[in-house]
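1. structure of the sequence below:
(2 chains)
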There are 2 protein chains.
Amino acid sequence: MFDILKRMILEQQIKAGERIDCKAIANKYNTSVMPVRNALQQLTVQGLVVTKQRVGYYVRKFSEKDLIEINDTRAMYEVYCLNKYFSRIDKTNIRNLYNHFADTEYDDLSKMIPLDQELHKTMVTISENSFLIKQYEDMNCLFSLGNYTGNAYAEVAKKEHMDILHYILEESKEKAVEALVYHLNRVEEEIKFFHLNSADSK
Amino acid sequence: MFDILKRMILEQQIKAGERIDCKAIANKYNTSVMPVRNALQQLTVQGLVVTKQRVGYYVRKFSEKDLIEINDTRAMYEVYCLNKYFSRIDKTNIRNLYNHFADTEYDDLSKMIPLDQELHKTMVTISENSFLIKQYEDMNCLFSLGNYTGNAYAEVAKKEHMDILHYILEESKEKAVEALVYHLNRVEEEIKFFHLNSADSK
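-> Below is the predicted model of the structure:
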């Protein structure tokens, strides 16, 4: 039930800010309300769901501050791991990823987003620290849920991603870290710009 | 109930590996079993509790690998934040902490442990990133639960902590980060040494 509900939220079948109808979900999956509530309790701890006392469960809505904080936390994971475990990176994997990026149109988001996620995750998996990787993934799913800026910067992002990969292939650790930091700072600016131009109170 | 149970576990009123008796706890706090189970579900997500299907809830036991991974994750938080937010550190606070360390006997663990925790937490709170700080605290409580090496290295740890504070007061960011990394690497060695010398399968 936990995994089902998590997927429903991440795929935005239930939108941010929306109430979660426990009974309807229990009926749909032919179960009682209890396991649904248990799963929602767990998702509350993960930060995907919020509870309003005596009212019910809602999908969490992210503010600009939330997203900037989560982006900074993501940067921490990726920069730390890239710095510390640079020598462990599998070059063949990076070369493949580079070629994938090169072959994909920047505005084909259905292909670009998985590539983007794979690149960022690679920075962290090289740590081989399963505890750290799990924490990163839990955090990252919050970020992807909250990040609705669309493809306005897809071309810029493609170039930045390829820069990072390029420096890794060149074995320039410092330049790769610098390119990663640059990219993540630019994403922070993108978050701010998006919120400036949208009805934040929506 | 969540907070009560968490405290019971962190204060080792229920020991690592021990079964958690939901009924006894419900009786003690004059409640039904349901809220206890809900809280245990949440603690499972936090990693303090493990569930065995159809058997019950147990306090998590940490292996050497778990503790080394958690220590590396802690290092990530502290090193990243100290590096990035060094200029934000409140020097008065650091000077007080230094004097507290200097005035405390290394083997007085009831005073030393809170000072130790305060120092490490300071590295992270300077980020002013509430999301990151919460993640750090959740992780740190796992670490303190699993870290039972006692005071064998209390004298060494006191010196290392004072070194870190000293370099911060000197405004030598690089040396402060170096001293922090040195300390956390030495803690990793301590974890390995402790597990080498204890019945790991206990």
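2. show me where pLDDT drops low in chain A?
-> A:147-150, A:199-202 (pLDDT under 70).
3. and the strands in it?
-> Secondary structure of chain A (DSSP state E): strands at A:19-20, A:49-52, A:56-59.
4. sheet partners, orientation included, of the last one?
-> Read that as strand A:56-59. If you go by DSSP bridges, strand A:56-59 pairs up with strand A:19-20 (antiparallel), strand A:49-52 (antiparallel).
5. which residues are in contact with the shortest one?
-> Taking CB atoms under 8 Å, 6 or more residues apart in numbering or on different chains as the criterion, the residues outside strand A:19-20 that touch it are A:5, A:14, A:40, A:49, A:56-59. The C-beta positions use only the backbone N, C-alpha and C, and glycine is treated the same way.
6. who wins on neighbours among the residues you listed?
-> Counting neighbours by other CB atoms under 10 Å in any protein chain shown, residue A:5 leads the contacts of strand A:19-20 with 25 neighbours.
7. grab the nearest non-local neighbour of it.
-> The shortest distance from residue A:5 to any non-neighbouring residue, by CB to CB, 6 or more residues apart in numbering or on different chains, is to residue A:39 (5.0 Å).
8. and which of the contacts of strand A:19-20 is nearest to residue B:164?
-> Residue B:164 lies nearest to residue A:49 out of these, by CB to CB, at 38.8 Å.
9. quick revisit: can you redo the strands paired with strand A:56-59 as TSV with distance to residue B:20?
-> What follows is those, written out as TSV (distance: least, CB to CB, whole Å):
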stretch	distance to residue B:20
strand A:19-20	28
strand A:49-52	23
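10. and for the residue lying closest to residue A:93 once chain neighbours are set aside, the neighbour number?
-> Computed as CB to CB, 6+ apart, the closest residue to residue A:93 that is not its neighbour in sequence is residue A:122, at 7.0 Å. A count of nearby residues for residue A:122, using other CB under 10 Å, gives 20.
11. how far is the helix ranked longest in chain A from where the chain is centred?
-> For chain A, the helix that runs over the most residues, judged by DSSP state H, is helix A:173-196. Helix A:173-196 has its C-alpha centroid displaced from the chain centroid by 14 Å (CA atoms, centre = their mean, to the nearest Å).
12. and it, what's buried?
-> In terms of neighbour count (16 or more other CB atoms under 10 Å in any protein chain shown), helix A:173-196 has its buried residues at A:176-177, A:179-181, A:183-184, A:187, A:190-191, A:194-195.
13. what's the answer for stretch A:118-127, then?
-> Quick answer for stretch A:118-127 (16+ other CB under 10 Å): A:119-127.
14. please apply the same query to stretch A:144-161.
-> Per 16+ other CB under 10 Å, stretch A:144-161 contains these buried residues: A:145-147, A:149, A:153-154, A:157-158, A:160-161.
15. which one of the residues you listed sits closest to chain B?
-> Nearest to chain B, judged by CB to the nearest CB, of these is residue A:146 at 11.0 Å.
16. ok, the residue nearest to the closest one when sequence neighbours are not counted to residue A:30 distance?
-> Leaving aside its chain neighbours, residue A:146 sits nearest to residue A:62 (3.4 Å; criterion: CB to CB, 6+ apart). Distance of residue A:62 to residue A:30, given as CB to CB, to the nearest Å: 32 Å.
17. residue A:182 touches residue A:159, doesn't it?
-> No: in this structure, residue A:182 is not within contact of residue A:159 by CB atoms under 8 Å, at 10.9 Å.
18. wait, which of the strands paired with strand A:56-59 is closest to residue B:1?
-> Nearest to residue B:1 among those is strand A:49-52 (13.8 Å), distances taken as CB to CB.
19. so what touches that closest one?
-> With contact meaning CB under 8 Å, 6+ apart, strand A:49-52 is reached by A:9, A:20, A:40, A:43-44, A:57-60.
20. helices along chain A, start to end?
-> When secondary structure is read from DSSP H, chain A shows helices at A:2-10, A:22-28, A:33-46, A:64-85, A:91-103, A:109-125, A:130-146, A:154-169, A:173-196.
21. do the longest one and chain B meet?
-> No: between helix A:173-196 and chain B, judged by CB under 8 Å from any CB of the partner chain, nothing touches; the nearest distance is 9.7 Å.
22. so which elements touch that helix?
-> With contacts taken as 3 or more CB pairs under 8 Å, 6 or more residues apart in numbering or on different chains; DSSP states H and E, helix A:173-196 sits against helix A:64-85, helix A:154-169.
23. and what of the fifth one?
-> Contacts defined by 3+ CB pairs under 8 Å, 6+ apart place helix A:91-103 against helix A:109-125, helix A:154-169.
24. can you give the distance of the shortest one from its chain's centre?
-> From the chain centre to the centre of helix A:154-169 is a distance of 18 Å (CA atoms, centre = their mean).
25. who's in contact with it?
-> A:86, A:89, A:91, A:94-95, A:97-98, A:101-102, A:104, A:106-107, A:109, A:112, A:115-116, A:119, A:175-176, A:178-180, A:182-183, A:186.
26. what's the angle from that helix to helix A:109-125?
-> Angle between the axes of helix A:154-169 and helix A:109-125 is 30 degrees (criterion: axes from the mean of the first three to the mean of the last three CA atoms, to 10 degrees).
27. tell me the contacts of the spatially closest residue to residue A:18 that is not a sequence neighbour?
-> Nearest non-adjacent residue to residue A:18, counting by CB to CB, 6+ apart: residue A:59, 5.3 Å away. Neighbouring residues of residue A:59 by CB under 8 Å, 6+ apart: A:9, A:14-18, A:20, A:48-49.
28. circling back to that earlier point, and the furthest pair within the contacts of strand A:19-20?
-> Within the contacts of strand A:19-20, A:5 and A:56 form the most distant pair, 13.8 Å apart (CB to CB).
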